[in-house]
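Trainee: structure for this input, please:
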Amino acid sequence: MKNARLLKHVLEAVSLIAVSFFLAACNPIENETQSASLLVVESIMGTDIAGIATDFLQSDVVLTDSVTGAQSWRADTSNVTLSASMLNPDPLFGTSQYNDIQVTRYVVTYIRSDGKNIQGLDVPYSFGGELSVLVRIGQLANVRFVIVREVAKQEEPLLSLYQAYQGDVLNVTARVDFYGHDLANKNVKATGFLPVYFANYADR
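Mentor: Numbers count the residues shown, from 1 in each chain. Modelled structure (predicted):
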């Protein structure tokens, strides 16, 4: 009888340990996922007004032809470096292609540090875009994507900037959420940030 009770306690302890390991393997980044893979934003790069790669973005709200005076708008792009790794650095059964991550979309949201974040008034509207990028475990993937749309420069608050004094600057942070799934179809998510400086910069 004592042996039976002892065996019962041992089995309960083993079950609790197994559950603990299972929960530790779940990806806490997104509530609905149980992926054992982790998507990481290694870096997000923009460009300065001269087109040189930097860890911020200087976004010219309007381009003016020096001869004709015609105005045009151009989207701004950013380069992100993504990586994929295992939540457990030493998985019991190793890794497989099912641990690789397919990134399928992204969402850009603009944030101001002063808390004024009404879209279309204080900051540009958020937007999403589609991606099709495979990030393999232990490798890097470099992706170029639109971080400021042309249409945003024709709407408030950017519309007022190219009509204002050339020294006016709107400083925001672009939050970029990347969504995808591992090849076992379990969801993953990663987030990166890029400072953005909107202004009517002098055209070169």
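
Trainee: quick one: the helices in the chain, in order.
Mentor: 2-25, 158-161 (DSSP state H).

Trainee: rank the ones you listed by pLDDT, which is bottom?
Mentor: Of all the helices of the chain, the minimum mean pLDDT falls on helix 2-25 (a mean of 41).

Trainee: which residues sit against stretch 140-160?
Mentor: 42, 46, 57, 59, 61-62, 73-83, 103, 106, 108, 120-125, 127, 129, 131, 133-135, 162, 170, 174, 176, 194, 196, 198 (CB atoms under 8 Å, 6 or more residues apart in numbering). No exception for glycine: its C-beta is placed from N, CA and C like everyone else's.

Trainee: dump it to PDB, restricted to CA.
Mentor: Presented in PDB, the C-alpha positions along stretch 140-160 are these (Å, rounded to 0.1, in the frame of the first residue of the first chain):
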ATOM      1  CA  LEU A 140      19.700  36.100 -40.600                       C
ATOM      2  CA  ALA A 141      17.300  37.500 -43.100                       C
ATOM      3  CA  ASN A 142      17.500  41.100 -44.500                       C
ATOM      4  CA  VAL A 143      14.200  42.700 -45.600                       C
ATOM      5  CA  ARG A 144      13.400  46.000 -47.200                       C
ATOM      6  CA  PHE A 145       9.900  47.400 -46.500                       C
ATOM      7  CA  VAL A 146       8.000  50.600 -46.800                       C
ATOM      8  CA  ILE A 147       7.900  52.400 -43.400                       C
ATOM      9  CA  VAL A 148       6.300  55.700 -44.600                       C
ATOM     10  CA  ARG A 149       3.800  55.700 -47.500                       C
ATOM     11  CA  GLU A 150       3.500  58.400 -50.100                       C
ATOM     12  CA  VAL A 151      -0.100  59.000 -49.100                       C
ATOM     13  CA  ALA A 152       0.900  59.900 -45.600                       C
ATOM     14  CA  LYS A 153       2.800  62.900 -46.900                       C
ATOM     15  CA  GLN A 154      -0.400  64.200 -48.500                       C
ATOM     16  CA  GLU A 155      -2.400  63.900 -45.300                       C
ATOM     17  CA  GLU A 156      -2.100  65.600 -41.900                       C
ATOM     18  CA  PRO A 157       0.000  66.100 -39.900                       C
ATOM     19  CA  LEU A 158       2.700  65.900 -42.700                       C
ATOM     20  CA  LEU A 159       0.700  68.000 -45.100                       C
ATOM     21  CA  SER A 160       1.200  71.100 -43.000                       C
END
